[in-house]
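Asker: what would the 3D arrangement of this be:
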Amino acid sequence: MTKVLLLNGPPRSGKDFGGGALVRDFDGTACVAKFAHVLKERTHAAYGVMHHGRPAPHDWFETQKDSPVGEFLGRTPREAYIAFSEQFMKPLHGDNIFGRLLLADLRQGERHDLIVVTDSGFRSEAEVLVRFYGEHNVTHVRLHRPGRTFTGDSRTYIDLSDLGVTPIDIHNDTDEDTLVARLKEALHG
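Answerer: As a prediction, this is how the structure comes out:
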């Protein structure tokens, strides 16, 4: 049975680092997944940001996501992604559109023992995975890090406890090894 770990926290709280470390150390098949991959690639297409005749890959602007860029007409990639999501995709296709798209990708791809979703921040998206994989197979971790907030981000901390998934709050307030140990404990505990 596939296990799903939803990492939920503000930007730069340790989600990507922690998720990547868990996948590398996992004894079995594991992958990192993101609700935002399709969003980013479709935003790139809308703005004509292409690479080899296709929309630029989802991580094209990863090192400059908070810096204004010409490709987004002087907006930051983060601003463009949020606007495309919140003002176009969700009003047109429903609040859970990125959950549905991620699940479709996961179902078409290779089966994994563990899926670590490192960008959970909207309940409607996470619900799609809880309903498909089952509440007993989903672990929800809310990461907290000093000085990191959701200011300027459309995501927030979510609560899935009414679906049978109790959030585990982890404070990323020491070093990377401690963060990874805390995540492993949450996943296996």
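
Asker: okay, the residue nearest the centre of the chain: pLDDT?
Answerer: Centroid-nearest residue in the chain: residue 119, 1.7 Å away (criterion: CA atoms, centre = their mean). You'll see residue 119 listed with a pLDDT of 96.

Asker: same thing with residue 67?
Answerer: On the pLDDT scale, residue 67 is placed at 96.

Asker: is residue 101 within a helix or a strand, and which one?
Answerer: Here residue 101 sits within helix 97-108, counting by DSSP states H and E.

Asker: sorry, back to before: show the contacting residues for the residue nearest to the centre of the chain.
Answerer: 7, 15, 34-36, 155 (CB atoms under 8 Å, 6 or more residues apart in numbering). For every residue, glycine as well, the C-beta is placed using N, CA and C.

Asker: grab the nearest non-local neighbour of it.
Answerer: Using CB to CB, 6 or more residues apart in numbering and skipping residues adjacent in sequence, the residue nearest residue 119 is residue 34, 4.7 Å away.

Asker: nearest spatial neighbour of residue 131, skipping sequence neighbours?
Answerer: residue 163 (7.8 Å).

Asker: which residues touch the one you found?
Answerer: Applying CB under 8 Å, 6+ apart, we find residue 163 in contact with 127, 130-131, 135.

Asker: could you do residue 60 as well?
Answerer: Each residue near residue 60 by CB under 8 Å, 6+ apart is listed here: 40, 44, 49, 51.

Asker: quick one: residue 63 from residue 32, how far?
Answerer: 18 Å (CB to CB, to the nearest Å).

Asker: could you do residue 60 as well?
Answerer: In terms of CB to CB, residue 60 sits 17 Å off from residue 32.

Asker: with residue 65 instead?
Answerer: 17 Å.

Asker: and residue 186, how many neighbours?
Answerer: 19 (other CB atoms under 10 Å).

Asker: can you give me the helices in this protein?
Answerer: In the chain, the helices defined using DSSP state H lie at 15-25, 36-46, 77-84, 90-93, 97-108, 123-133, 176-188.

Asker: using CSV, lay out these together with mean pLDDT.
Answerer: Putting the helices of the chain into CSV (pLDDT from 0 to 100) gives the following:
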stretch, mean pLDDT
helix 15-25, 97
helix 36-46, 93
helix 77-84, 93
helix 90-93, 97
helix 97-108, 95
helix 123-133, 98
helix 176-188, 96
